[in-house]
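> Predicted model and sequence below, questions to follow.
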Amino acid sequence: MLDTMDNTKSMSIIVTKGTLDWAYPPFILATTAAAMDVDVTMFFTFYGLGLLKKDLDLKISTLGNPAMEMPMMGMHMKMPNLVSAIPGVDRMATTMMKNLIKKKGVASIPDLREAAVESDVKMVACQMTLDLFELDQKDLIPDITLGGAATYMEGALKADINLYI
């Protein structure tokens, strides 16, 4: 009798950021991996937990992002950190980014999140973060697993790929 081994690859992603620009990498990587038959688990903690909220209102933060460039007037304009001190700059950067995303036909975060759900990506909300920020599971999208560090570690110790985003 042939010994059949399970060769399915697995990946875990810790999601810690909840801004519009930081929401793309974990969802793009998760959905791409899932499309390649990789079992994916995303563990949402601290500000990353906001990406699981039913109502998303994602913004860009220019603070601490010195590499931020936006295509404007036919060139790429850098946004120095100093501009983040000006009232309304984050709102302006968010509007510009959302317009650019739409213009370029990039999938929205709600669309990517839905694709992750449809691709059977396991999404785990950090129970400690829910408690810390006084949130309830009913504030989150359906079919989310609650867990803590032990839940994450259980999968991460077996995963072929572990990412911290």
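It's in.

> Name the surrounding residues that touch the host helix or strand of M11.
Following DSSP states H and E, one finds M11 within strand 10-15. Strand 10-15 is touched from outside by 26, 29-30, 33, 38-45, 48, 51, 152, 155-156, 158-165, with contacts defined as Cβ atoms under 8 Å, 6 or more residues apart in numbering. C-beta coordinates here come from the backbone N, C-alpha and C atoms, glycine included.

> Now which of the residues you listed would you call buried?
Buried subset of the contacts of strand 10-15 (neighbour count, 16 or more other Cβ atoms under 10 Å): 26, 29-30, 33, 38-45, 48, 51, 152, 155-156, 159, 163, 165.

> hmm, back to that, immediately after the strand holding M11, which helix or strand?
Once the chain leaves strand 10-15, the following helix or strand, as judged by DSSP H and E, is helix 20-35.

> And that next one, what does it pack against?
Helices and strands in packing contact with helix 20-35 are listed as strand 10-15, strand 39-44, helix 89-103, helix 109-118, strand 161-164; criterion 3 or more Cβ pairs under 8 Å, 6 or more residues apart in numbering; DSSP states H and E.
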